[in-house]
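In: any chance you can model this:
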Amino acid sequence: MRLPLYQIDAFASSVFRGNPASVMPLEEWLKDSTLQAIAAENNQAETAFFRPGEDDDVFELRWFTPTVEVPLCGHATLATAFVLMTEIDPELEEVGFDTRSGRLTVSRDGDRFVLDFPAASLRGADVPEALAEALGASPVEALRAVTSEARPDGNWLLVFKDESDIAGLAPDFRAVLVALAGEDVGVICTAPGRTVDFVSRYFAPAHGIPEDSVTGSAHCLLVPYWAQKLGKDDLLAHQISKRGGELFCRNRRDRVDIGGRAVKYMEAIAHVPG
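Out: Reported below is the predicted structural model:
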């Protein structure tokens, strides 16, 4: 099979910034093993696959890291919307996606694309000493995402005092995996920003991603947390990874808006065994 393949830099205004995602349009789903093999071959933090849904301007969307399928991914959703709204149908102003996390929408706002995502609930937690040691620093506050009654503990949210603490983190990723004790979760580290409202970094070695460049889904936790802390609903965020990314956020109580720009780096044809 010859299948179109795009590589998009999301949450970026120029190539080689933000978070790269591979995007593959499909007419029908391939076998899960084939989707996972394509994602592993692409070797990006996420590969997004989409196909037409039952309604106009609504598509089914799935996300794969090089090792697993994930329930939610922000930057690859932005990248997929960018492909749909600039490459496939430039007249589109809004697009919907049916996903494992429910219906998600993306709309245009000038040169930005705005994700409408579910806000995550948080609970206080005691950070394991082994995790702090693996990160090389101790947070001033620790919380966990509450994903469901069946699985109360999701990603870690670790709050540090200053932006310099986040920039200076040098995790031992093998030790992080050991400290997570087999939990299929990531670690979000955040602090107040010096020129923006807050900064963050995201580590997900359990998903085959030591450090993610820019993580939209992490802001489902970060935006409600910082909105409450700072007493404001409109927030400017930077993810201060090596590539870096800028996110324009709004707290809407049970939902969050996460806005960003995107640029096309590559368009290709993938040759996939039928």
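In: wait, doesn't residue 36 sit right on residue 69?
Out: Yes - taking Cβ atoms under 8 Å as the definition, residue 36 is a contact partner of residue 69 at 7.2 Å. No exception for glycine: its C-beta is placed from N, CA and C like everyone else's.
In: assign residue 38 to helix, strand or coil.
Out: helix (DSSP: H, G, I helix; E, B strand; the rest coil).
In: give the burial count for it, as a bare number.
Out: Close neighbours of residue 38, defined as other Cβ atoms under 10 Å, add up to 19.
In: over to residue 243?
Out: So residue 243, with other Cβ under 10 Å, has 18 neighbours.
In: what of the one 10 residues further on?
Out: Residues contacting residue 253 under the criterion other Cβ under 10 Å number 9.
In: can you check the pLDDT for residue 149?
Out: pLDDT for residue 149: 50.
In: now do residue 114
Out: Per-residue pLDDT puts residue 114 at 98.
In: how about the helix or strand containing it, which residues are buried there?
Out: Residue 114 is part of strand 112-118 when elements are defined by DSSP states H and E. The neighbour-count check on strand 112-118 (16 or more other Cβ atoms under 10 Å) flags 112-117 as buried.
In: can you list the domains in the chain?
Out: 2-118+259-271, 121-253 (automatic domain parsing).
In: and for the nearest residue to residue 59 once chain neighbours are set aside, the neighbour number?
Out: In this structure, residue 59 finds its nearest non-sequential neighbour in residue 50, 4.6 Å apart by Cβ to Cβ, 6 or more residues apart in numbering. Neighbours of residue 50 under the rule other Cβ under 10 Å: 24.
In: shift numbering so it begins at 43
Out: From this message on, residue numbering opens at 43, which makes the last subject residue 92.
In: listing partners with orientation, what would you give for the one helix or strand residue 92 maps to?
Out: Here residue 92 sits within strand 88-94, counting by DSSP H and E. Note on strand 88-94: by DSSP bridges, its sheet partners are strand 61-67 (parallel), strand 100-106 (antiparallel).
In: low pLDDT regions in the stretch 93-242 of the chain?
Out: Along the stretch 93-242 of the chain, the parts satisfying pLDDT under 70 run over 190-194.
In: please name whichever of the strands paired with strand 88-94 is nearest to residue 287.
Out: Closest approach to residue 287 among the strands paired with strand 88-94 is made by strand 61-67 (6.1 Å; Cβ to Cβ).
In: the helices in the stretch 43-192 of the chain, which residues?
Out: Using DSSP state H, counting those that start in this stretch, the helices found in the stretch 43-192 of the chain span residues 74-84, 116-124, 171-177.
In: hang on, the earlier thing: next, the contact list for the residue nearest to residue 101, please.
Out: Contact analysis of residue 92 by Cβ atoms under 8 Å, 6 or more residues apart in numbering lists 65-68, 101-104, 122, 126, 139.
In: cutoff 6 Å now
Out: 101, 103, 122 (Cβ atoms under 6 Å, 6 or more residues apart in numbering).
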